[in-house]
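*Asks:* Quick one, what's the 3D model for this:
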Amino acid sequence: MNRIQYPAMMWAVSLALGLSVCGCQAPSAPEAASSTQTLCPLDSRLTIAVRQFQKTAVGSWETAPVTPPFAFDELIYSWHLRVAPGEGFRLYLRVRDERGDASPWLYGGYWGKVRLAASRAEPVFAWGKVAMDQLLLQRKAVSFQFRVVDEGDSPLRQPPALSVVVTDNSPTPALAKRFAPKRKAARTPQCILDLPLRRQADSRGTPLPDRCQSAALASAMEYFGKPVGLEDIVPLAFDVEYDYPGIWPRTIGAGIQHGFEGYIDRFRDWDYVRKTVAENKVILCSMKMPPGQYKAPPYPQMTGHIVALNGVTDDGRVVVTDSALGKSGRGYRLQWLREDFERVWMQTKGGVGMVICPPAGAPRKLVHDLPPFPEERLKAATAATPGDGRN
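*Replies:* Predicted coordinates:
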């Protein structure tokens, strides 16, 4: 068993405060009186340790209800357990609303060796659903709990630890003011990691379309000194029952299974991004680019997609490693204007990031010769559509 050691800085803050907000300022008293004031979502990060699971039956464990600092209408999670051959489990979650009404136990995913179903529909109930890897609620819940059920050929030695982020997408002005972030005078200096570009292809060069999450994870692991072929990542990241390649906890789980540590998070402001990258961590950004007005994007639109984040420059550029442009090589140190990338990541996908942590002693390899932003993209309304795979 390999129990995750949670990143010290983030989870220490999480356990002390359990929350974060995006970069906007809380409203002043006069503004708070306005019913039209738009407030940023509030996030609370929590950990579920292995010891919080209690055995309720043979091969079944449950946590007690966990109550975050505020009510929430969205929840994302990742599991942290490197399973041995033959081990496997299924995860379920349940929430309770402010009136005391509980949801049914909702399916949240599987890991390792399980008895596979031919197909699976997303679990839906009266006031919410689990959209494969995120719980979306129509009214706010005040607590959650998890259940783990052993379904492997070999007995599961213990349940996994979990990292959880709950979100209140419509906080009251008073709540937003109460949890407003404390600003530091100096921001984190520029730090651009030199991530290798991995194509959506196996070790023999055979294309594996729509495997951007596996390619992004491969870039992170190779950066840390462990090249892994996509043929050894895709089977872990891919959810056979949903027939979907980009499940967030499975992508993180694939990294853990290959010897790394990782966790799910949300990024609402760029200084938090800078701090995370400065710790030599690779953020796999879940993004979506609907058609619309952008200043200088690398392509005109993109459906659900995952890229590895190199870092953010002091002059407002975001640098990523993008396997959608792997065949041409343009995905290496691909540059976005910060406002464009903020829209496709933080605004469209809520800043969801799968964070891959460096092994002990891993060197920080930086880019020192980043070229200027491509002039031709500043002049063109849109660039050519990528031609070697999207997801």
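
*Asks:* list the buried ones in stretch 107-114?
*Replies:* Across stretch 107-114, burial judged by 16 or more other C-beta atoms under 10 Å covers 107-114. C-beta here means a position set from N, CA and C on the backbone, and glycine is covered the same way.

*Asks:* With respect to Leu334, which of those is nearest?
*Replies:* When those are compared for distance to Leu334 (C-beta to C-beta), Gly109 wins out at 30.3 Å.

*Asks:* so the closest one sits right up against Ala131, yeah?
*Replies:* No. Using C-beta atoms under 8 Å, Gly109 is not in contact with Ala131, being 11.7 Å away.

*Asks:* For Tyr77, which non-adjacent residue is spatially closest?
*Replies:* Using C-beta to C-beta, 6 or more residues apart in numbering and skipping the chain neighbours, the partner closest in space to Tyr77 is Val164 (4.8 Å).

*Asks:* Verify the contact between Gln335 and Val367 for me.
*Replies:* No. Under the criterion of C-beta under 8 Å, Gln335 is not in contact with Val367, lying 11.0 Å apart.

*Asks:* Need the residues touching each of those two.
*Replies:* Counting by C-beta atoms under 8 Å, 6 or more residues apart in numbering, the shared contacts of Gln335 and Val367 are Val319.

*Asks:* Make sure Trp91 is actually in contact with Val148.
*Replies:* Slight slip there: residue 91 is Leu, not Trp. Yes. Leu91 is within contact range of Val148, at 5.9 Å (criterion: C-beta under 8 Å).

*Asks:* Please enumerate the shared neighbours of the two.
*Replies:* In contact with both Leu91 and Val148: Pro160, using C-beta under 8 Å, 6+ apart.

*Asks:* Between those two, which has more neighbouring residues?
*Replies:* Val148 (26 against 20; other C-beta atoms under 10 Å).

*Asks:* give me phi/psi at the more buried one?
*Replies:* For Val148, the backbone dihedrals (degrees, to the nearest 10) come out as phi -120, psi 130.

*Asks:* per-residue pLDDT, it?
*Replies:* Looking at Val148, its pLDDT is 98.

*Asks:* how far away is it from Ile306?
*Replies:* With distances taken as C-beta to C-beta, to the nearest Å, Val148 is found 26 Å from Ile306.

*Asks:* Quick one: name whatever helix or strand follows the helix or strand of the chain with the lowest mean pLDDT.
*Replies:* Least confident helix or strand of the chain, by mean pLDDT, DSSP states H and E, is helix 29-32 with a mean of 32. Next along the chain after helix 29-32, taking DSSP states H and E as the criterion, comes strand 42-48.

*Asks:* ok, that following strand: who's next to it in the sheet?
*Replies:* The pairing partners recorded for strand 42-48 under DSSP bridges are strand 20-21 (antiparallel), strand 161-168 (antiparallel).

*Asks:* Show me the shaky parts of the chain.
*Replies:* In the predicted model of the chain, residues 1-38, 181-186, 381-391 satisfy pLDDT under 70.

*Asks:* what's next to the helix ranked longest in it, contact-wise?
*Replies:* Identified as the longest helix of the chain according to DSSP state H is helix 212-223. Outside helix 212-223, the residues within contact range by C-beta under 8 Å, 6+ apart are 193-200, 208, 227-230, 233-234, 237, 245-246, 251, 254-255, 258, 260, 282, 284, 305-308, 321, 323-324, 326, 354, 356, 365, 389-391.

*Asks:* Export that helix to CSV, keeping only CA atoms.
*Replies:* Output of helix 212-223 as CSV, limited to C-alpha atoms (Å, rounded to 0.1, in the frame of the first residue of the first chain):
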residue,chain,number,x,y,z
CYS,A,212,-5.0,14.2,-24.3
GLN,A,213,-5.3,13.4,-20.6
SER,A,214,-2.9,10.5,-20.9
ALA,A,215,-0.5,12.5,-23.1
ALA,A,216,-0.6,15.4,-20.5
LEU,A,217,0.1,13.0,-17.7
ALA,A,218,2.9,11.4,-19.7
SER,A,219,4.5,14.9,-20.2
ALA,A,220,4.4,15.4,-16.4
MET,A,221,5.9,12.0,-15.6
GLU,A,222,8.6,12.4,-18.2
TYR,A,223,9.5,15.8,-16.9
